[in-house]
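Peer 1: fold the following, please.
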Amino acid sequence: MDNYITAAAIRSLREKRGMTQQALADRIGVSAKTVSKWETARGLPDISLLQPLSQALGVSLPELMNGEHIINRNTCANLLRSKFYVCPLCGNILHSTGDALISCCGIRLPPLEAEDVDREHTIAVENVEDEQFLTICHPMTKEHFISFMAFVTCDRVQLVKFYPEGNAETRMQLRGHGTLFFYCNRHGLFRLKR
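Peer 2: Next comes the predicted model:
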């Protein structure tokens, strides 16, 4: 996390729950005097208390760190706002349908910024029965490879994982208008609108 919990955040979240300092202290196993010190900026909660504190205040850890309860006002997800994340340590691929706070292997991951396909990163599309056979002409060595391909429409995400020393090719049903994404471990995320 980029910042640590503030005195104002603890007080504000506690008051929104209608709790006294004593009630909060009892729920997390500290004294009311300790909670008072936190709320007057004369001390900070130990990192081991952050999870119990967030649970007692009824918020997530990111909400506790920001000092405000996040209300999800999105009544229907729009997959066209999809964002992809790749962990540089384990290669894990994560997907969200909008802005999110994503971490893996203890690292906060920024969303990948997609660029339009270029001459070095192109996709060949061939119709096969009711699907399309997609091929990316790209090295697939252990050092330089395509990690995944995804086709995103307003109502569906199809994602295929690739592995080094394999082929960067797959069959997908490209129904409707959407965006085809693929990720090169050296050059980043590329997109092709269809």
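
Peer 1: name whatever forms a beta bridge with the residue nearest the centre of the chain.
Peer 2: For the chain, the residue lying nearest the average C-alpha position, counting by CA atoms, centre = their mean, turns out to be I102 (3.2 Å). Applying DSSP bridges to I102 yields these beta-bridge partners: L109.

Peer 1: wait, it sits on S96?
Peer 2: Yes. With contact taken as CB atoms under 8 Å, I102 and S96 are classed as touching, separated by 6.6 Å. All C-beta atoms are positioned from the backbone trio N, CA, C, and that covers glycine.

Peer 1: list residues touching both of these two?
Peer 2: Taking CB atoms under 8 Å, 6 or more residues apart in numbering as the contact definition, I102 and S96 share the neighbouring residues 85, 111.

Peer 1: tell me who's in contact with the residue nearest to the centre of the chain.
Peer 2: The contact partners of I102, by CB under 8 Å, 6+ apart, come to 85, 94, 96, 108-109, 111.

Peer 1: go again using 10 Å as the cut-off
Peer 2: I102 sits next to 83-85, 87, 92, 94-96, 108-111 when contact means CB atoms under 10 Å, 6 or more residues apart in numbering.

Peer 1: now, which of those sits nearest I136?
Peer 2: Of all these, the one sitting nearest I136 is F84; the distance, using CB to CB, is 15.8 Å.

Peer 1: what pLDDT is listed against the closest one?
Peer 2: As predicted, F84 sits at a pLDDT of 95.

Peer 1: off-centre distance for the worst-scoring helix or strand of the chain on mean pLDDT?
Peer 2: Within the chain, judged by mean pLDDT, DSSP states H and E, the helix or strand with the poorest mean is helix 61-66; its value is a mean of 76. Centroid displacement of helix 61-66 relative to its chain, using CA atoms, centre = their mean, to the nearest Å, is 16 Å.

Peer 1: can you name the next helix or strand after that helix?
Peer 2: On the C-terminal side of helix 61-66, the nearest following helix or strand under DSSP states H and E is strand 83-86.

Peer 1: buried set for the helix or strand following that following strand?
Peer 2: With elements assigned by DSSP H and E, the helix or strand that comes after strand 83-86 is strand 93-96. By neighbour count on 16 or more other CB atoms under 10 Å, the buried set for strand 93-96 is 93, 95.

Peer 1: understood, closing this out.
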